[in-house]
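A.B. asks: Just to be clear, the model below is a prediction. Sequence and coordinates:
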Amino acid sequence: MSAASLSNERLALKVDVVSIQSQVVYGRVGNNAAIPTLESLGLSVIAVPTVVFSNIPSYPTLHGGTLPIEWFRGYLQDLCARGALDALRAVQIGYLGNPAQAVELCQWLEVLLTKFPDLPVVIDPVLGDQDHGVYSADGMTEVYQQRLTALANGLTPNGFELACLTGLPVNDINAVIVAARTLLKGRTEWVVVTSAAPDTWPTGVMQLVVVTKMHATLITQPHIDVAFAGTGDLFGATLTGHWVSGDLLHEAALKACAHVVHAIRHTERANSRELLLPPVGSRPDQERINTYEISKASGISTSTLLHTRTSP
């Protein structure tokens, strides 16, 4: 390596998003889904792994584990030391390996936000889901509750995780909204709840809710009765990418829904056991995605259809 390439006169690598989450050798979960998605939206991304595994745990063999804390700390500190974060537009956070790692991340974020107080931070508080229960490390719920979620501008829990974080019932859309609003503290401006109140879904439809202090929006999309690991990571990256690029929150959520449905259809057609990302520029199927404004008067929640999108 020439001395010129390391000269202080040369500019640091411009980074738009730091994506801090899981990574696998084989598959499309965590950073393996987030990085190509964010890059396809024209964003420069640096991946910081929290865990590195050969594949997801559902296979007969699994190798790897959580990054040593000194490695993880060093990755974050060296990004600052290289001057790579001076033009940063967002931090995306997904699966974390253990509470010690989460505390280390909190400390780094607190220092970073002192320097860049308006920096958007989006956290997917990965704890588990309705089908599998809790699959995060012991103690992670408490770290999120006590420290980490309040550092985020936006949170993207699923309905199960929302219940874990708040200890509140989330069995219908109104309950989801009430629970989500208890998380709007610290820096947190919005919560997007995926797989919201699944027991209330009409046949062939699934729901998510976009919640702020003043507004709540229900989005319905096709429910495809097949589960692929990584769809939540894909949703989060797509949402963040569009949001930091200037889309309104509900519009970014709509685009993320449409992209995830497109990816699942593409994966199904290929008969793949791992999630496949649609080729850039490919046309999605005709899909009906509805947006409703949720309002509450006299204790009764009502929904008003705002928008119907049929893609493409």
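C.D. replies: Nice, I can see it. Everything quoted here is computed from the prediction, not taken from an experiment. Numbers count the residues shown, from 1 in each chain.
A.B. asks: Can you tell me the SS state at Thr291?
C.D. replies: strand (DSSP: H, G, I helix; E, B strand; the rest coil).
A.B. asks: Surely it touches Glu251?
C.D. replies: No - with contact defined as C-beta atoms under 8 Å, Thr291 does not reach Glu251; the gap is 9.1 Å. C-beta here means a position set from N, CA and C on the backbone, and glycine is covered the same way.
A.B. asks: And these two? Which one has more around it.
C.D. replies: Using other C-beta atoms under 10 Å as the criterion, Thr291 and Glu251 rank with Thr291 on top: 21 against 16.
A.B. asks: Would you map the helices across the stretch 1-150 of the chain?
C.D. replies: Here the stretch 1-150 of the chain has its helices, by DSSP state H, counting those that start in this stretch, at 31-40, 69-81, 99-115, 140-143.
A.B. asks: With mean neighbour count and mean pLDDT as added columns, please give those helices in CSV.
C.D. replies: Shown next, in CSV, are these (neighbours: other C-beta atoms under 10 Å; pLDDT from 0 to 100):
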stretch, mean neighbour count, mean pLDDT
helix 31-40, 23, 98
helix 69-81, 15, 97
helix 99-115, 17, 97
helix 140-143, 19, 97
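A.B. asks: Residue ranges in the stretch 151-300 of the chain under the pLDDT threshold?
C.D. replies: 296-300 (pLDDT under 70).
A.B. asks: which one is Thr61 nearest to, not counting chain neighbours?
C.D. replies: Closest residue to Thr61 apart from its sequence neighbours, by C-beta to C-beta, 6 or more residues apart in numbering: Ser54 at 7.0 Å.
A.B. asks: so the residue nearest in space to the middle of the chain is in which element?
C.D. replies: Note on the chain: the residue nearest the mean C-alpha position is Gly236, at 2.9 Å, using C-alpha atoms, centre = their mean. Using DSSP states H and E, Gly236 falls within helix 231-244.
A.B. asks: how about the helices of the stretch 1-150 of the chain, which one is nearest Ser295?
C.D. replies: Relative to Ser295, the nearest member of the helices of the stretch 1-150 of the chain by C-beta to C-beta is helix 140-143, separated by 31.5 Å.
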